[in-house]
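Visitor: Please find the sequence and the predicted model below.
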Amino acid sequence: MLNIYREKYYLCGDYMEVHLYPVHRKAGVRRKKSKPSSECQKKLNEMIAENKFIRKLNYNFTSEDYKIELTYRNEYHPQSDDEASRNLSNFLRRMKRLRTKLGLSPLKYASVTEKGAKKGRYHHHLVISGGISPKDIAQLWGMGRIGAEPLQFDENGVADLARYMLKKSEASKKKWNASKNLADPPEKQRDGRLSKRKVMELAKDTDDHRAFEKYYDGYYLSEAKRVYNDVNGGIYIYARFYRKDAEFCTIREKTKRYRQGYPQKTASR
């Protein structure tokens with residue numbers, strides 16, 4: 001039986017996401033891979049869901065777009081999940097109409113509705129297309145205060161914001177929603193470039209940036225996570241990279257300190 005590692009990777013502008021995982025075959029025959037244990041599968045499912053949302057945001061939005069929070073004044077506060085959902089839908093429709101009137105591109109958005117655990121107050125978290133001023137957004141909302149600021153990208157893109165939105169979604173037991181015009185980055189894959197031994201070496205220290213970067217020319221590692229399959233002994237690695245020549249990538253201070261001596265070009269995105 002051949003035990004090889006597959007690389008599945010996605011290019012999202014300045015960012016690249018890489019998944020390394022084992023596939024098991026007899027020579028010339030494709031075989032079903034061994035199932036991970038339930039605990040391992042749970043971790044993998046969580047990573048898969050998180051990475052999918054991060055990719056959506058990194059691939060579809062830029063620093064010209066906004067993150068927004070919509071809150072309610074007492075007299076407008078929803079009495080149910082359905083009412084909160086209708087309020088958000090009506091707001092998005094008004095946004096679409098104004099964008100059409102102004103000749104802007106079609107609205108793109110991703111949203112999460114949060115219901116506070118203590119007082120049960122609703123508010124909405126969104127990533128949304130730019131081009132409309134915060135003042136106009138506040139007028140379109142009209143039910144309370146808003147918070148609006150341009151998206152800020154670091155070496156993980158907007159991964160921190162994506163995780164924050166997912167956390168709010170899970171706490172409220174509601175899924176995130178997105179406009180249908182959000183595209184998925186193309187999925188590419190290759191088999192056998194990295195041996196099991198090399199993958200195991202990478203898994204020993206996922207903070208060893210240089211070990212990862214020697215396999216991905218032109219990129220710096222931003223983060224990597226590993227999960228062990230206790231059924232077949234396989235290792236699953238999820239890694240995120242950013243381009244060395246990224247023109248719109250701000251680097252966190254801890255990464256700047258780590259990378260002293262690395263020649264790189266950075267600017268604010």
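Guide: Perfect, thanks for sending it.

Visitor: And residue 213, how far from residue 16?
Guide: 11 Å (CB to CB, to the nearest Å). (Glycine included, C-beta is placed from N, CA and C.)

Visitor: before we move on, what about residue 90?
Guide: Taking CB to CB, one finds residue 90 at 38 Å from residue 16.

Visitor: can you check residue 215 too?
Guide: Residue 215 sits 12 Å away from residue 16, going by CB to CB.

Visitor: What sits closest to residue 200 if chain neighbours are left out?
Guide: residue 235 (6.2 Å; CB to CB, 6 or more residues apart in numbering).

Visitor: Show me which of residue 215 and residue 16 is the more surrounded one.
Guide: When residue 215 and residue 16 are compared for neighbours, residue 16 comes out ahead with 21 against 16, by other CB atoms under 10 Å.

Visitor: I figured the more buried one hits residue 220, correct?
Guide: No - using CB atoms under 8 Å, residue 16 is not in contact with residue 220, being 10.1 Å away.

Visitor: if I look at those two, which residues touch both of them?
Guide: Counting by CB atoms under 8 Å, 6 or more residues apart in numbering, the shared contacts of residue 16 and residue 220 are 241, 242, 243.

Visitor: Quick one: the helices in the chain, in order.
Guide: Assigned by DSSP state H, the chain shows helices spanning 38-60, 81-102, 134-141, 159-171, 196-204, 209-213, 253-258.

Visitor: Summarise which helices and strands the fourth one is packed against.
Guide: What it means is helix 159-171. Here helix 159-171 touches helix 38-60, strand 109-115, strand 122-128, going by 3 or more CB pairs under 8 Å, 6 or more residues apart in numbering; DSSP states H and E.

Visitor: for the record, mean pLDDT for stretch 212-221?
Guide: Across stretch 212-221, pLDDT averages out at 94.

Visitor: got the end-to-end distance for it?
Guide: For stretch 212-221, the separation between the terminal residues is 7 Å (CA to CA, to the nearest Å).

Visitor: in it, what's buried?
Guide: Neighbour-count burial for stretch 212-221 flags 212, 213, 215, 219, 220, 221 (criterion: 16 or more other CB atoms under 10 Å).

Visitor: thinking in terms of the whole chain, how far from its middle is it?
Guide: Offset of stretch 212-221 from its chain centre (CA atoms, centre = their mean, to the nearest Å): 20 Å.

Visitor: now swap in stretch 145-160 and tell me
Guide: 12 Å.

Visitor: Give me the buried positions along stretch 91-110.
Guide: Neighbour-count burial for stretch 91-110 [16+ other CB under 10 Å]: 91, 92, 95, 96, 98, 99, 107, 108, 109, 110.

Visitor: So which residues of the stretch 151-269 of the chain form strands?
Guide: 177-178, 187-191, 219-228, 235-243 (DSSP state E, counting those that start in this stretch).

Visitor: and residue 23, what pLDDT?
Guide: Taking residue 23 on its own, its pLDDT is 88.

Visitor: Isn't it up against residue 5?
Guide: Yes - Residue 23 lies in contact with residue 5 (CB under 8 Å); the separation is 7.5 Å.

Visitor: shared neighbours of these two, which are they?
Guide: With CB under 8 Å, 6+ apart as the test, residue 23 and residue 5 both reach residue 191.

Visitor: Comparing the two, which shows the higher neighbour count?
Guide: The neighbour comparison of residue 23 against residue 5 (other CB under 10 Å) goes to residue 5, with 23 against 17.
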